[in-house]
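> Mind looking at a prediction? Sequence and model below.
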Amino acid sequence: MTLADYLQLTFVQNALLVGVLISLCSSLLGVTLVLRRFSFIGDGLSHVAFGAMAVAAVAGMTNDMLIVMPITILCAVLLLRSGQRAKVKGDASVAMISVAALAVGYLLMNLWPPSGKSNISGDVCTTLFGGTSILTLSETEVLASIVLSIVVMIFFVVFYHKIFAITFDENFAAATGTNTKLYNLLLAIIIAVVIVLAMDLVGSLLISALVVFPALSAMRVLKSFRSVTICAACISVGCTVIGILASAVFSTPVGSTIVVADLAVFGLSSFLGLILR
Amino acid sequence: MALLTCRDLSLGYEGKAILQHVSFEVNAGDYLCIVGENGSGKTTLMKTILGLRKPLSGTVATGDGLRQSEIGYLPQQTLVQRDFPASVKEIVLSGCQGRQGMRPFYSRADRELAKENIRRMGLEALANRCYRELSGGQQQRVLLARALCATRKLLLLDEPVAGLDPKVTAEMYAIIRSLNRQEGITVIMISHDLGAALAHATHILHIGSTVYYGTRQDYLSSPVGKAFLQQGGVSQ
């Protein structure tokens, strides 16, 4: 089959559409997360989502989003809120929550294997590394991804200046009358939503790549917040499209192919950054 | 009424007071310098004035039509800012954010104000440059321009010359002085450079085991002031 043949297939079209939207959202949030030293929150939250998925599977729920989304959002709020004055500091609490969720999730799936599924390790592997779930999206999932992505993008555009002010200097923003608590809360919710959506694309373990790489690549070369944001979005979308198509043609795992594309762009822009300096 | 009145403030962490019975007021046009040893609670006091943290007891009140959100603030640089990809323009403009409320975008007036403050701080040539590429003194002027976007009345400066070389330090003090004298902006500055404090300030607030508040002249002849001067607090 050639590339053109693949593009005729509905599920490939769906995968591309959802992939583009999700990578756009995750890269937009990535800029502020990386700059606020929260790079690992994506990783932590995706592990939480994995744990929640395991719970849903064990409980035999058909629509696991109903439990995965609220739990992940809750953890995001707790993690971002505790940023400054928590007893356990930011990075430690992310590490703690993420491994705990991972361990509990895997344990539950082994103790009470979800009915009808015999291949647990295969299942777990799919959730962790993405597998083919992006190519087997149902119509509802596609629709949900589109709606949520659009909400995230609208949020980002409308609150762009506030996000910048809070990212650059949270204290100053709070002191001069910006409601930083509200925006941090909204940001936490949005991050959780994006992470859960992104799990289908690249899987639990590789989500951080979608969040971190585009932002870091853009920062190597560009010098204003706006250009970094726009560039990160373009890089992310480009890498995802290339990754999905390449994985179809070479039959490689979708998630890791996308991440390798991101990694390549990062290497390129680091090199470019060195030359331009 | 004074611009800012602090009455019997006690400050501290988790119920343990590090600073007690602080009372002072700042009137329009004053230049108040807050001095004291490291760890005496200077930055905590400043955060309390800004409403970023609550005092254990006592009150902070603004008057003369000044709202708490109209206090311009020059914080100490954070780690995050040092490699932040943002242009000078973007940062100065973000000083107008506090007034936006739920409005998502800046108005023409906001952009004009940002431009005006960039000019005031002599940053026109750098307006499109990246913040992380500027020198320490230039970065401070950018943050000062941002603070001026947030206020027309009262500026709070937290160690504005920390890490600057002597020449740039002198320039920075000159800028602050002219904002105070020529433009009538009230200044509250934290400093452990007592020499500079005494050269420019009209009032001194000394915090530590003893708290002293008064005019510069009174401070010089007070026991607290004399003792602090003798410890070599003057760096001239």
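Nice, I can see it.
> anything in stretch A:221-229 near chain B?
Yes - when contact is scored as C-beta under 8 Å from any C-beta of the partner chain, part of stretch A:221-229 falls within range of chain B: A:222-226, A:228. Heads up, the C-betas are built off the backbone N, CA and C, glycines and all.
> and the residues you listed as JSON lines, adding secondary structure?
What follows is the residues of stretch A:221-229 next to chain B, written out as JSON lines (DSSP: H, G, I helix; E, B strand; the rest coil):
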{"residue": "A:Leu222", "secondary structure": "coil"}
{"residue": "A:Lys223", "secondary structure": "coil"}
{"residue": "A:Ser224", "secondary structure": "coil"}
{"residue": "A:Phe225", "secondary structure": "helix"}
{"residue": "A:Arg226", "secondary structure": "helix"}
{"residue": "A:Val228", "secondary structure": "helix"}
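> Okay, B:Ser107 and chain A: tell me how far apart.
B:Ser107 sits 11 Å away from chain A when distances are taken as C-beta to the nearest C-beta, to the nearest Å.
> so B:Pro75 touches A:Phe172, yeah?
Yes - the criterion here is C-beta atoms under 8 Å, and B:Pro75 meets it with A:Phe172 at 5.9 Å.
> Compare the two and say which is more crowded by neighbours.
Counted by other C-beta atoms under 10 Å in any protein chain shown, B:Pro75 and A:Phe172 do not tie: A:Phe172 has more neighbours, with 27 against 22.
> Filter the residues of stretch A:221-229 next to chain B down to the buried ones, PyMOL style.
Under the burial definition 16 or more other C-beta atoms under 10 Å in any protein chain shown, those of those that qualify are selected in PyMOL by:
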select buried, chain A and resi 222+223+224+225+228
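> So which of the residues of stretch A:221-229 next to chain B sits lowest on pLDDT?
Across the residues of stretch A:221-229 next to chain B, the member with the lowest pLDDT is A:Lys223, scoring 88.
> hang on, it packs against B:Lys89?
No - using C-beta under 8 Å, A:Lys223 is not in contact with B:Lys89; the gap is 11.3 Å.
> wait, what's in contact with B:Gly137?
Counting by C-beta atoms under 8 Å, 6 or more residues apart in numbering or on different chains, B:Gly137 touches B:164-165, B:168, B:171-172.
> Which members of those are classed as buried?
Listed as buried from the contacts of B:Gly137 are B:164, B:168, B:171-172; burial here means 16+ other C-beta under 10 Å.
> in the worst-scoring helix or strand of chain B on mean pLDDT, what counts as buried?
Ranked by mean pLDDT, DSSP states H and E, the helix or strand of chain B with the weakest confidence is helix B:79-82, at a mean of 78. By neighbour count, with 16+ other C-beta under 10 Å as the criterion, the buried positions of helix B:79-82 are B:Gln81.
> now for that helix, which elements pack on it?
Other elements packing on helix B:79-82 under the criterion 3 or more C-beta pairs under 8 Å, 6 or more residues apart in numbering or on different chains; DSSP states H and E are helix A:160-168.
> Okay, domains of chain B per the record?
Each domain of chain B is listed here as a residue range: B:1-66+B:153-236, B:78-151, per automatic domain parsing.
> Least confident of these, on average?
With a mean of 84, domain B:1-66+B:153-236 has the lowest mean pLDDT of those.
> so B:Leu156 sits in a strand?
Yes - under three-state DSSP, B:Leu156 sits within a strand.
> Check the burial of it by counting its neighbours.
Other residues within reach of B:Leu156, judged by other C-beta under 10 Å, total 26.
> now A:Val211
Other residues lying near A:Val211 total 33 when counted by other C-beta under 10 Å.
> same check, this time on A:Ile275
Count around A:Ile275 with other C-beta under 10 Å applied: 7.
> Where does it fall, secondary structure wise?
Using DSSP states H and E, A:Ile275 sits within helix A:254-276.
> Packing partners of that helix?
For helix A:254-276, where contacts count as 3+ C-beta pairs under 8 Å, 6+ apart, the packed elements are helix A:10-35, helix A:180-202, helix A:207-221, helix A:225-250.
> by how many degrees do the shortest one and helix A:254-276 diverge?
Spelled out, it's helix A:207-221. When axes from the mean of the first three to the mean of the last three C-alpha atoms, to 10 degrees is applied, the directions of helix A:207-221 and helix A:254-276 differ by 20 degrees.
> List the beta-bridge partners for the closest residue to B:Ala147 other than its chain neighbours.
Leaving aside its sequence neighbours, B:Ala147 sits nearest to B:Gly72 (C-beta to C-beta, 6 or more residues apart in numbering or on different chains; 3.5 Å). On the basis of DSSP bridges, B:Gly72 takes part in beta bridges with B:Leu155.
> highest average neighbour count across the helices and strands packed on helix A:254-276?
By mean neighbour count, with neighbours taken as mean count of other C-beta atoms under 10 Å in any protein chain shown, helix A:207-221 ranks first of the helices and strands packed on helix A:254-276 at a mean of 26.
> Could you list the buried residues of stretch A:139-155?
Taking 16+ other C-beta under 10 Å as the neighbour-count basis, stretch A:139-155 is seen to contain the buried residues A:141-142, A:145, A:148-149, A:152, A:155.
> Could you export that stretch as CSV, CA atoms only?
Once side chains and other backbone atoms are set aside, the C-alpha atoms of stretch A:139-155 remain, and they are given as CSV (Å, rounded to 0.1, in the frame of the first residue of the first chain):
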residue,chain,number,x,y,z
GLU,A,139,-16.8,7.9,16.3
THR,A,140,-17.7,9.1,19.8
GLU,A,141,-14.1,9.2,20.8
VAL,A,142,-13.2,11.2,17.7
LEU,A,143,-16.0,13.6,18.4
ALA,A,144,-15.1,14.0,22.1
SER,A,145,-11.5,14.7,21.2
ILE,A,146,-12.5,17.3,18.6
VAL,A,147,-14.8,19.1,21.0
LEU,A,148,-12.4,19.0,24.0
SER,A,149,-9.5,20.2,21.8
ILE,A,150,-11.5,23.1,20.6
VAL,A,151,-12.4,24.1,24.1
VAL,A,152,-8.7,23.9,25.1
MET,A,153,-7.7,26.1,22.2
ILE,A,154,-10.3,28.7,22.9
PHE,A,155,-9.3,28.7,26.5
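> sorry, back to before: contact partners for the residue nearest to B:Ala147?
Applying C-beta under 8 Å, 6+ apart as the definition, the contact partners of B:Gly72 turn out to be A:176, B:95, B:147-151, B:154-156.
> In PyMOL, how would I select the buried members of these?
A single PyMOL command is used to select the members of those judged buried by 16+ other C-beta under 10 Å:
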select buried, (chain A and resi 176) or (chain B and resi 95+147+148+149+150+151+154+155+156)
